[in-house]
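Peer 1: The following block contains a protein sequence and its predicted model.
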Amino acid sequence: MELETERLILRRWECGDADSLFEYAKDPDVGPIAGWPAHRSVDESLDVIKNVFNGKEAYAICLKTDGKAIGAIELKLNGHADLAERDDECELGYWLGKPFWGRGIVPEAVRELLRHAFEDIGMKKVWVGYYEGNVKSKRVQEKCGFRYQWKTENVDVPLLHEKRTGHVSCMTREDWLERR
């Protein structure tokens, strides 16, 4: 499945995206703030494509101009999400390569994935979180209309073997309909 916005194509990850994924995921300013270590090789990026970005609703964020994967966005469905406990709720996650920061790309992708969640797959609520200090992610969530819910201290960040403060927000279908 492919989703489209004015500037973006959100499509399934392909093995051929490994070089592009590595190019952006090796940056220490990208992964660690989101809770995962910077990639160390193209092989590691390929493994992530095969074993992490393989969810039913996992997409590569691509500019329409060249189709190259520059980030990731996913709706983690129940059973694969930390925050969603019902089949009609899911959790949103995203990241973007640093050269593309500050252009409104993630909010554009998030808005399309929210539309998809509520219109196409029947979600009633979408959860999203960020770790303390991830101001860019917080800003995306505010811009897109998520409502802040709570803060949790000492959240496990297993891929980095540390604990952080986490912040959680959500959007209901009703909230989304009001914003359209």
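Peer 2: Yep, it's here.

Peer 1: now the strands: where do they sit in the protein?
Peer 2: When assigned using DSSP state E, the strands of the chain occupy the ranges 3-4, 8-11, 58-63, 69-77, 89-96, 125-131, 147-157, 162-172.

Peer 1: ok, now which ones touch the residue nearest to E89 when sequence neighbours are not counted?
Peer 2: Nearest non-adjacent residue to E89, counting by Cβ to Cβ, 6 or more residues apart in numbering: K125, 4.4 Å away. To be clear about C-beta, it is placed using only N, CA and C from the backbone, and glycine gets the same treatment. When contacts are counted by Cβ atoms under 8 Å, 6 or more residues apart in numbering, K125 is found next to 84, 86, 88-90, 170-173.

Peer 1: try H39
Peer 2: Counting by Cβ under 8 Å, 6+ apart, H39 touches 21-22, 25-26, 31, 45, 48.

Peer 1: any idea which of those residues is closest to W95?
Peer 2: Of all these, the one with the least separation from W95 (Cβ to Cβ) is G31, at 7.2 Å.

Peer 1: tally of neighbours for the closest one?
Peer 2: Burial measure for G31: 18 neighbouring residues, criterion other Cβ atoms under 10 Å.

Peer 1: now L113
Peer 2: Applying other Cβ under 10 Å, we find 24 other residues in the vicinity of L113.

Peer 1: Kindly report the same for I61.
Peer 2: Every residue meeting other Cβ under 10 Å relative to I61 is counted, giving 26.
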